[in-house]
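Asks: Provide a 3D model corresponding to the input given below.
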Amino acid sequence: MTTTTSPAPLTQLSEEELMFQQAVRDFAEQEIRPRVGAMERAAQLDPTLIPKFFELGLMGIEVPDALGGAGGSLFLTVLAVEELSRVDASSAIFVDVQNTLVNALLLKWASADVQGRYFPRLSRDLVGAYALSEPASGSDAFGLETKATRKGDAWILDGRKLWITNGAEAGFYVIFANTDFSKGYKGITAFAVERSFPGFSVGKKEDKLGIRASSTCELILDQCEVPAANVVGEVGQGYKVAIETLNTGRIGIGAQMIGVARGALEAGLAYVKERKQFGKPVAEFQAVQFQLAQAATELEAARLMVYNAARLEDAGAPYTMEAAMAKLYSSQVAERVTSLAVELFGGYGYTKEYPVEKFYRDAKIGAIYEGTSNMQLNTIAKMLLK
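Replies: This next block holds a predicted model:
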């Protein structure tokens, strides 16, 4: 008889991954959880947290050791974002954008010169942001109107960017502009822009339903002068840079959503064991048990999808459809699980005294940013029908 060894489950972590996961979990409990309420009320990250993110190595997870980073993997980023989101989705997206939209982009597309100038600081003390969206350019990302004009050894950028996560705290931005509108989306180019560049400013900060401590800002480019050496990728390649980066970013959002759902489910599980109705804990009612079982099952399925997409990307295998599926499903699960958690708390769940209303509000963004659910369905359908 021939015996075969079953592959390790996707949720089985290596010793290194387990140690990293535990370190982030401890950090989230000790440093972030005590600050969540105040950050939510202030609609701002506690500034004392930001250097702590850098000290723990969370802002340069995939950046090579030689350039000042941790030399890790996308999967480690996923673990970090999940653990942070279990406590606070705003802290998680702060770390996620830095790793999946800024660092990952520079790793793949930036010149050695740009990497050498910016990676050491992005791993040490420089916050990054990714600026693609505009007032009239959301799902139709390539309808952007920001213009880049060549002037000697520089490019002059003019336009506005909207919905930019980390906009308030960042000192470095990857900004997309069109260098030649006659070429349509093939004129789009990515630029590395410093906050201190002449003509650059940060505009209005949005007042949001959820992830309130995460800054979402307008960027204003008024004759902003960017050195020609700060083009990321080649001129006219920006559409490829944007698409491929967002494919990776969607895995990060998936991790955020499973973390949010997990935090809500854990709060619900603890509460139903304590809350008594009709003389016994609510957890003893079969109707409640079945709802919890369904939620836990869906959450585990979403986690497997997110982990799988991350493992595929790390292995250099195709992952675009899997990333879209992971983001789509994890955002749907997050909405369902957080809604259930609010209901399990009854009237208390609708108040700010308990944590589940925040998880519920934080979950909604998962179906919107880094590609709406309809855009994920569009991507999946196209790849299925190829």
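
Asks: so where do the strands sit in the stretch 1-150 of the chain?
Replies: 128-131, 147-151 (DSSP state E, counting those that start in this stretch).

Asks: and of the ones you listed, who's closest to Asp140?
Replies: strand 128-131 (16.1 Å; C-beta to C-beta). In this view, the C-beta of every residue, glycine as well, is placed from N, C-alpha and C.

Asks: Who are the packing partners of that closest one?
Replies: strand 154-165, strand 172-178 (3 or more C-beta pairs under 8 Å, 6 or more residues apart in numbering; DSSP states H and E).

Asks: So which of the strands of the stretch 1-150 of the chain is the most surrounded?
Replies: Most buried of the strands of the stretch 1-150 of the chain, by mean neighbour count (mean count of other C-beta atoms under 10 Å): strand 128-131, with a mean of 27.

Asks: I'd like the average pLDDT over that one.
Replies: Mean pLDDT, strand 128-131: 98.

Asks: Extract the CA atoms of that strand and return them as CSV.
Replies: Provided in CSV are the C-alpha atoms of strand 128-131 (Å, rounded to 0.1, in the frame of the first residue of the first chain):
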residue,chain,number,x,y,z
GLY,A,128,4.2,56.4,2.6
ALA,A,129,0.9,56.8,0.7
TYR,A,130,-0.5,55.7,-2.7
ALA,A,131,-2.3,58.3,-4.8
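
Asks: please renumber so the chain begins at 49
Replies: Let's use 49 as the start, then, which means that last one is strand 176-179.

Asks: ok now stretch 419-434, how far from the chain's centre?
Replies: Centroid displacement of stretch 419-434 relative to its chain, using C-alpha atoms, centre = their mean, to the nearest Å, is 19 Å.

Asks: any idea how this structure splits into domains?
Replies: For the chain, automatic domain parsing gives the domain ranges 63-175, 177-283, 288-432.

Asks: Distance from the chain centre to the shortest one, please.
Replies: Pointing back at domain 177-283 there. Distance, centroid of domain 177-283 to centroid of chain: 18 Å (C-alpha atoms, centre = their mean).

Asks: what does stretch 391-405 give?
Replies: Worked out by C-alpha atoms, centre = their mean, stretch 391-405 lies 26 Å from the chain centre.

Asks: repeat for stretch 86-96
Replies: 18 Å.

Asks: what bits of the stretch 99-248 of the chain have low per-residue confidence?
Replies: Within the stretch 99-248 of the chain, no stretch has pLDDT under 70.

Asks: now with 90?
Replies: Scanning the stretch 99-248 of the chain for pLDDT under 90 picks out 186, 189-190.

Asks: Helices of that one, start to end?
Replies: 122-133, 137-144, 152-157, 160-172 (DSSP state H, counting those that start in this stretch).

Asks: Now do the first one: everything it contacts.
Replies: Okay, so that is helix 122-133. Helix 122-133 has contacts (C-beta atoms under 8 Å, 6 or more residues apart in numbering) with 61, 65, 68-69, 72-73, 76, 80, 106, 109-110, 118, 139-141, 143-144, 147-148, 152, 296, 299-300, 302-308, 310-311, 351, 354-355, 358-359, 361-362.

Asks: and Tyr417, that's in a strand?
Replies: No. Tyr417 sits outside any strand when classified using DSSP: H, G, I helix; E, B strand; the rest coil, being coil.

Asks: Contact partners for Ser185?
Replies: Gly191, Leu192, Glu193.

Asks: with the residues you listed in mind, which one is nearest to Glu383?
Replies: Nearest to Glu383 among those, with distances taken as C-beta to C-beta, is Gly191, at 28.2 Å.

Asks: OK, contacts around the closest one?
Replies: Ala184, Ser185.

Asks: Please apply the same query to Pro183.
Replies: Residues in contact with Pro183 (C-beta under 8 Å, 6+ apart) are Arg208, Leu210.

Asks: Kindly reformat the helices and strands packed on strand 176-179 as a markdown table containing distance to Val404 and mean neighbour count.
Replies: Output for the helices and strands packed on strand 176-179, formatted as a markdown table (distance: least, C-beta to C-beta, whole Å; neighbours: other C-beta atoms under 10 Å):
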| stretch | distance to Val404 | mean neighbour count |
| --- | --- | --- |
| strand 202-213 | 24 | 21 |
| strand 220-226 | 35 | 25 |
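
Asks: Could you dump the ones you listed into a markdown table with distance to Leu127 added?
Replies: Compiled in a markdown table, the helices and strands packed on strand 176-179 are given as follows (distance: least, C-beta to C-beta, whole Å):
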| stretch | distance to Leu127 |
| --- | --- |
| strand 202-213 | 20 |
| strand 220-226 | 24 |
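
Asks: Looking at the helices of the stretch 99-248 of the chain, which is nearest to Phe102?
Replies: Taking C-beta to C-beta, helix 160-172 is the member of those nearest to Phe102, at 6.0 Å.

Asks: still on that earlier bit, possible to save the helices of the stretch 99-248 of the chain as TSV with mean neighbour count and distance to Ala371?
Replies: Output for those, formatted as TSV (neighbours: other C-beta atoms under 10 Å; distance: least, C-beta to C-beta, whole Å):
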stretch	mean neighbour count	distance to Ala371
helix 122-133	27	10
helix 137-144	28	14
helix 152-157	21	12
helix 160-172	17	23
